[in-house]
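[1] predicted structure and sequence below. I'll ask about it afterward.
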Amino acid sequence: MKVDDKNLRPIWLDTDLKAVKVIDQRRLPHEFVIADLKNVDDIIMAIKEMYVRGAPLIGVTAAYGVYLAALNSPVKTIEDDYLKEECSRLKSARPTAVNLAWAVDKVLFEVLKVEKPKKKIDTARTQAEKIAEAEAENCRKIGEHGLVLVDEISRRKKGKTVNLLTHCNAGWLACIEYGTATAPIYAAYEKGIDVHVWVDETRPLNQGSRLTAWELGRHGIKHTIITDNAGGHLMQHGMVDIVIVGTDRATCTGDVANKIGTYLKALAARDNNIPFYVALPSSTFDWNLKDGIKEIPIEERDPDEIRYVQGLDQGITRSVLVPPASSPAANFAFDVTPARLVTGFITERGICKATEHDIKRLFPEKKSP
Ligand code: MRU
């Protein structure tokens, strides 16, 4: 995406092919820092510490991790057992986004097919690059399909501003290009539709107020930051036309895990008869799961992410303690929105209802034999 007239992605391979470069998203919006990841440990650290985050980007980063594992193999022959072990370390970096295991397994599968060490390294690199390009293209298509929904609302409102609400950051920073939830917004903006975005996820890590606001602002898209609890009030007062969020893992029955608080947005949307869409590439479906609430692992992160707030103070980024120092805190990072609250999915293949039947009609190759 264009930032200050430069084409930017959140991840790319360095020209010497020895390091993976990522935007350190912990530092945005006040600092723009690029980090070099040179081995599997760096990749795992970057995923865990959230230099990179968001389901598709976690997958692409881990895919490059398999490449770095092959490149830095301690023995020249690049043993399969070593690669498998490094891959299982990569897969355990974060639990909720299924793209992580999906991407690692996809690269490993291709690498194990070839014998020569150089071929293994080249295959891992080209597979990681292929996944990155495919995710970018998937998001572009999600934008095309989602645009129809925004366009319809704009026509119904006779060109008046379409107010969208999105939770967390499911933008290009979380993907490779366009984003998932933001792709229809960017597409609508390019088409000249008057859009305004309510941006939340102000806690625990401020992915909305830091990252989505930064992205949209850099693109010139009208947006307003709201607290995580404001959505219901806005919906009751006709100030939200549509909710579009991303997801970290969706079951084939239509349940979706996304940043904590998404479920409450879905409940409020249902109570106010507002369409609630989930935008996702097919890499985010977990075709093995049927019951999201019982089966999707929900990450619990360091309570200090809640206890401390980070921000800019007189030009310096500082972290400050909010609650009593001795009070314990619990930091559940995701929740599951059941399929019944989801109006539909926006995927690279089109829009469908959040039912197993409709999802598998779009992805017939996933039907069990
Ligand atoms: O904890 P994060 O920042 O990795 O959580 C990200 C989200 O919840 C996103 O909404 C989700 O990954 C979809 S990204 C296109």
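    It's in.
[2] for the ligand, see how far away the closest residue to Lys290 other than its chain neighbours is.
    Leaving aside its sequence neighbours, Lys290 sits nearest to Thr253 (CB to CB, 6 or more residues apart in numbering; 5.0 Å). In this view, the C-beta of every residue, glycine as well, is placed from N, C-alpha and C. Distance, Thr253 to the ligand, by CB to the nearest ligand atom, to the nearest Å: 19 Å.
[3] over to Asn331?
    Distance, Asn331 to the ligand, using CB to the nearest ligand atom: 11 Å.
[4] right, and that residue touches Ile298 too?
    No. Look at Asn331 against Ile298 with CB atoms under 8 Å: they stay out of range, at 10.8 Å.
[5] tell me where the chain has helices.
    Applying DSSP state H to the chain gives helices spanning 40-48, 55-71, 80-91, 99-111, 117-156, 183-190, 213-219, 231-236, 262-271, 292-295, 304-307, 356-362.
[6] so which of those helices is the most packed in?
    Sort those by mean neighbour count, taking mean count of other CB atoms under 10 Å, and helix 55-71 sits at the top with a mean of 28.
[7] can you tell me the average pLDDT over it?
    The average of the pLDDT scores along helix 55-71 is 98.
[8] what number of residues lie near Glu365?
    Counted by other CB atoms under 10 Å, the residues lying close to Glu365 total 7.
[9] pLDDT at it, what is it?
    95.
[10] on that earlier part again, which residues does the residue nearest to Lys290 contact?
    289-292, 339, 355-356, 359 (CB atoms under 8 Å, 6 or more residues apart in numbering).
[11] can you tell me how far it sits from Gly231?
    25 Å (CB to CB, to the nearest Å).
[12] surely Ser319 and Asp313 touch.
    No. Using CB under 8 Å, Ser319 makes no contact with Asp313, being 9.9 Å away.
[13] quick one, what contacts the residue nearest in space to the middle of the chain?
    Residue closest to the average C-alpha location in the chain (CA atoms, centre = their mean): Gly54, at 2.8 Å. Gly54 makes contacts with 97, 169-171, 173-175, 246, as judged by CB under 8 Å, 6+ apart.
[14] now do stretch 125-136, average pLDDT.
    98.
[15] anything in that stretch near the ligand?
    No. With CB under 6 Å from any ligand atom as the criterion, the ligand is not reached by stretch 125-136; the gap is at least 9.4 Å.
[16] any low-confidence regions in the chain?
    369 (pLDDT under 70).
[17] quick check: residues of the stretch 201-350 of the chain near the ligand?
    207, 246-248, 258-259, 333.
[18] how about a cut-off of 8 Å?
    205, 207, 245-248, 258-259, 262, 279-280, 284, 299, 333-334 (CB under 8 Å from any ligand atom).
[19] near Asp16, how many other residues are there?
    Asp16 has 6 nearby residues by other CB under 10 Å.
[20] nope, Ala250 is what I was after
    By other CB under 10 Å, the residues close to Ala250 number 31.
[21] find the nearest non-adjacent residue to it, please.
    Val256 is the one closest to Ala250 (CB to CB, 6+ apart), at 4.6 Å.
[22] so that neighbour is in contact with Thr247, correct?
    Yes. Contact criterion CB under 8 Å: Val256 and Thr247 qualify, at 4.2 Å.
[23] please enumerate the shared neighbours of those two.
    Common neighbours of Val256 and Thr247 (CB under 8 Å, 6+ apart) are 278, 280.
[24] got the contact list for Val114?
    By CB under 8 Å, 6+ apart, the neighbours of Val114 are 120, 123.
[25] tell me how far it lies from the ligand.
    Taking CB to the nearest ligand atom as the measure, Val114 and the ligand are separated by 31 Å.
[26] distance check, Lys290 against the ligand.
    As judged by CB to the nearest ligand atom, Lys290 and the ligand stand 21 Å apart.
[27] many thanks, have a good one.
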